[in-house]
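# 3D, please:
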Amino acid sequence: MTKEKLSKKNWFLIILFCFVGGIAWNTENMYFNTFLFNSVYSDASKAAIDGTMAPTTAISRMVALSAIAAVITTFIMGTLSDKLKNRKYFISVGYILWGISTGLFGFITKENVANLFHLSDEAVILTGTVWFVIFMDIVMTFMGSTSNDAAFQAWVTDVSSTGQRALVETALSVVGTISSFAVTGVGSFAQAGKITYKIFFIGLGAIVSVCGVAGLFLIKDPPRIARKEEKSSRYLDDLLYGFRPSVIKANPRLYLALSAFGLSVVAFQVFYPYLLVYIQYVVIPDNGGAKNILKPSVIITAVLIAAFIITGVVLMLKHAEKHKSIFLGSSSILMTLGLFLVSTTTEIHVILIGVLPVVIGNAIINILLGAAVKDFIPEGKAGLFQGIRMIFIVAVPMVVGPVLGDMACRNAAATYPNEFGVETIVPSKNMFFVAGIVCLLVLIPMYFLIKKGFDVENKEPADSDETAAAVSGEEI
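Predicted coordinates for the structure are as follows:
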C-alpha cells in the first residue's frame, strides 16, 4: 500500500474516470429500463405484450443477468490484471470498448431485430427485441466490469493509502452523484422524446470511448503493481482466493463490511431500476402532469433539499472518521425511515422530503463502508478481492433487489395504457416499503463490525502463514 500523498494527476484521473464511468453505469442502470418502456414496449399490441414477459419482469431479468455477468467478469479480469501486473490497458481499452457497446444500443429497434433474425410474429419480435437488449446489456457489462469494477477500482486502491481512503471514497461518491445528475439531465430529453434514444446512446458512448483513449496516455501503474512478485501463484488459486476459509477467517472485518454494504445495496436495488419509470408513469400523472411538477414551490423544495443533502453529507463526513460506529448505525436508520415515508404517498412534496434521509443515509453508508472495504483488503491483493466485492455489492443486490421490487410492483398491479391503449404494469410505491424492510437488515452485520472496530493499525495480517498457504494452494 502506497504511503505517498495522492498526486494531482492521480486525483484528476480518479475524478475523470469515475465521472465518465458513472455516465456509462447510470445510462445502463437508469435508461436501458426507460428504453424498454418507452421504445420497445410503448407501441406493442396487446397480442404481443400478452405473448411475452411484463416490462417490470424484463427489467428484473436484465438487471440480474447483468449483475451475474459483472461478477464473473470482475473475478476473471481482476485476477488477470493482478497476474499481468497491469491496470492501465485493462482500464483504457475497456473504456473504449465500453463506449462502443453503449453506442450500439442506439441501433436496437424491433424492426432491426425482426430483419436481423427474419421474424414476423409480433410476440416473437417483441420477445426477441427484449432479449437482444438484455444480451447487449451483458456485453456492455463485460466491458464496464473489466475496465471499471476490476481494473479501475483496484487501481484506486493501489494508488491510495489508508489515511486517504475516506476522502477518496467521498470524492468517488460525490462525482458519481454528479455523473448521475448529468445523465438524468440529458436522458430526460430522450425520455420525453425530445431527442432520440439513438442520439442519446451514441453521444454518451462516444464520451466513454474518448476517455479510454486518454487513459492510454495518462494512466500509470504504481511501482508495486509494475514490479515482479517474489513468488508467483497459479491463476486458478488466485481466482478462488477470496473463497478460501483461511482467507475469510484471516479477514473477518472485510467480509462483515461487505455484508453490510451488500444489504444496503439490496435495499437500494429494490426500487432503483424502476425509479425513472415510476416517476414518469406514476408520480407525474398523480401530481397533475409535468407542468405542476415544475411549478416554483416544487423546484424551490427540490433545491433546498439538495442543499440540505450536500451540507448534511459534508458535515457528517467531517466528523464521521472518528465516530464511524455512530454514523453508520444512524445512517441505516435514517435511510429506512426515509424509505418508509416515500412508500406512503405519491405526493411530490412528501416524496422530496422523504428523499432527504434516503440520500444522506445511503451516501454515508456507501462512503464509510466503501472506505472500510478498501482498508481491510490485504495489501497487494486488490485485484484478487474485486470479484468477492462484486458478489456482495453487485451480484446479490442486483439479483435479489429487482426481484423483490418486481414482486412488489406486480402485487400492486398498477398499470398505464400504452399507445395502443393496452394496459401495461408499472412500478408502485410498495417497492419503497419493501426496500425499507431490507434496509433494517443492514444493522445485523453492522453490529458485529462495530464490535470489532475500524482501526486499520490492528488489521488482520495480510499475508499470514495461513493465508499465504491458501494462496499458494498448499494444505493448511
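
# determine the number of other residues adjacent to His118.
His118 sits with 6 neighbouring residues when counted by other C-beta atoms under 10 Å. All C-beta atoms are positioned from the backbone trio N, CA, C, and that covers glycine.

# ok, it - contacts?
His118 makes contact with no residue under the criterion C-beta atoms under 8 Å, 6 or more residues apart in numbering.

# tell me the phi and psi of it?
phi 60, psi 50 (degrees, to the nearest 10).

# try Val442
Taking degrees, to the nearest 10 as the convention, Val442 sits at phi -60, psi -30.

# how close does it sit to Thr162?
Distance from Val442 to Thr162, counting by C-beta to C-beta, to the nearest Å: 24 Å.

# these two - which one has more neighbours?
Higher neighbour count among Val442 and Thr162: Val442, with 28 against 16, using other C-beta under 10 Å.

# please tell me how far the more buried one sits from Glu379.
28 Å.

# Thr141 now?
From Thr141 to Glu379 the distance is 29 Å (C-beta to C-beta).

# with neighbour numbers in mind, choose between the two.
For Thr141 and Glu379, the more surrounded residue by other C-beta under 10 Å is Thr141, and the numbers stand at 27 against 14.

# what about the more buried one, which helix or strand?
Using DSSP states H and E, Thr141 sits in helix 122-144.

# near the closest residue to Val183 other than its chain neighbours, how many other residues are there?
Leaving aside its sequence neighbours, Val183 sits nearest to Asn26 (C-beta to C-beta, 6 or more residues apart in numbering; 4.2 Å). Neighbourhood size, Asn26 [other C-beta under 10 Å]: 20.

# Asn26 sits in which helix or strand?
Counting by DSSP H and E, Asn26 is found in helix 8-26.

# got the angle between that helix and helix 122-144?
An angle of 170 degrees separates the directions of helix 8-26 and helix 122-144 when computed by axes from the mean of the first three to the mean of the last three C-alpha atoms, to 10 degrees.

# contact partners of helix 8-26?
6, 91, 95, 98-99, 102, 140, 144, 147-148, 152, 156, 159, 168, 171-172, 175-176, 178-180, 182-184, 204-205, 207-208, 211, 214-215, 218-219.

# kindly export that helix (C-alpha atoms) in PDB.
The C-alpha trace of helix 8-26 is given here as PDB (Å, rounded to 0.1, in the frame of the first residue of the first chain):
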ATOM      1  CA  LYS A   8      -2.700  16.000  -8.700                       C
ATOM      2  CA  LYS A   9      -2.600  13.800 -11.800                       C
ATOM      3  CA  ASN A  10      -3.900  10.800 -10.000                       C
ATOM      4  CA  TRP A  11      -6.700  12.900  -8.400                       C
ATOM      5  CA  PHE A  12      -7.600  14.100 -11.900                       C
ATOM      6  CA  LEU A  13      -7.700  10.600 -13.200                       C
ATOM      7  CA  ILE A  14      -9.800   9.300 -10.300                       C
ATOM      8  CA  ILE A  15     -12.300  12.100 -10.800                       C
ATOM      9  CA  LEU A  16     -12.300  11.800 -14.700                       C
ATOM     10  CA  PHE A  17     -12.700   8.000 -14.900                       C
ATOM     11  CA  CYS A  18     -15.200   8.000 -12.000                       C
ATOM     12  CA  PHE A  19     -17.300  10.600 -13.700                       C
ATOM     13  CA  VAL A  20     -17.200   9.000 -17.200                       C
ATOM     14  CA  GLY A  21     -17.700   5.500 -15.700                       C
ATOM     15  CA  GLY A  22     -20.600   6.900 -13.800                       C
ATOM     16  CA  ILE A  23     -22.100   8.200 -17.100                       C
ATOM     17  CA  ALA A  24     -21.900   4.700 -18.600                       C
ATOM     18  CA  TRP A  25     -23.200   2.900 -15.500                       C
ATOM     19  CA  ASN A  26     -26.100   5.300 -14.900                       C
END
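
# which residues does the helix or strand that it is followed by contact?
For helix 8-26, the following helix or strand on the C-terminal side (DSSP H and E) is helix 32-35. For helix 32-35, the external contacting residues (C-beta under 8 Å, 6+ apart) are 59, 62, 105, 133, 137, 187, 190-191, 197, 273-274, 276-277, 280.

# now the element after helix 32-35, going C-ward?
Criterion used, DSSP H and E; the element after helix 32-35 is helix 46-50.

# average model confidence for that next one?
In this model, helix 46-50 has a mean pLDDT of 81.
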